[in-house]
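1. need the 3D shape of this:
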Amino acid sequence: MKQDNIIVIKTKAFALRIIKLYNYLCSEKNEYVMSKQLLKCGTSIGANVREAIRGQSRSDFYAKLHIALKEASECEYWLELLHESGYIVTEHYASIYTDCQEINKILMSITMTQNN
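-> Numbering: from 1, shown residues only. Down below sits the predicted model:
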């Protein structure tokens, strides 16, 4: 996997969106607990993808991608909670949630090739 790979690009762009959302939730909504959880998992996805690139072995590569997939799934959960509790309006939620689901699908596709 190269640095200019689509999953590398998408996870970094997603992390930047998560950072902006975190700043908004803290400054405008005074929400600090769920937003911090979202910040942690939302930025961790790309970090684990980057670690996978430098994996020491094929199994290390896939282990890091599986962690990224778990973080992306957790991110979906926090986004759902923030939306359903009224902290994120539907329009903004739909956009970022769609990006998260796309990242999840790409990671699932990559990790499913592990046994091939």
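2. low-scoring stretches of the protein, by residue?
-> 1-3, 115-116 (pLDDT under 70).
3. show me the strands in it, by range?
-> Using DSSP state E, no strands are found in the chain.
4. ok now do the nearest residue to Leu39 once chain neighbours are set aside, which residues does it touch?
-> Closest residue to Leu39 apart from its sequence neighbours, by C-beta to C-beta, 6 or more residues apart in numbering: Tyr22 at 4.3 Å. For the C-beta atoms, the positions are set from N, CA and C on the backbone; glycine is no exception. Going by C-beta atoms under 8 Å, 6 or more residues apart in numbering, Tyr22 touches 35-36, 38-39, 42.
5. so which of those residues are in helices?
-> Among the contacts of Tyr22, the members found in helices (DSSP state H) are 35-36, 38-39, 42.
6. count of residues packed around the residue nearest to Ile6 when sequence neighbours are not counted?
-> Nearest non-adjacent residue to Ile6, counting by C-beta to C-beta, 6+ apart: Ile106, 7.0 Å away. By the measure other C-beta atoms under 10 Å, the count of residues near Ile106 is 20.
7. what about Tyr32, distance to Leu82?
-> 12 Å (C-beta to C-beta, to the nearest Å).
8. shared neighbours of these two, which are they?
-> In contact with both Tyr32 and Leu82: Leu25, using C-beta under 8 Å, 6+ apart.
9. hmm, back to that, in this structure the residue nearest to Ile6 contacts Ile9, no?
-> No: counting by C-beta atoms under 8 Å, Ile9 is not a contact partner of Ile106; they are 10.7 Å apart.
10. alright, that wraps it up for me.
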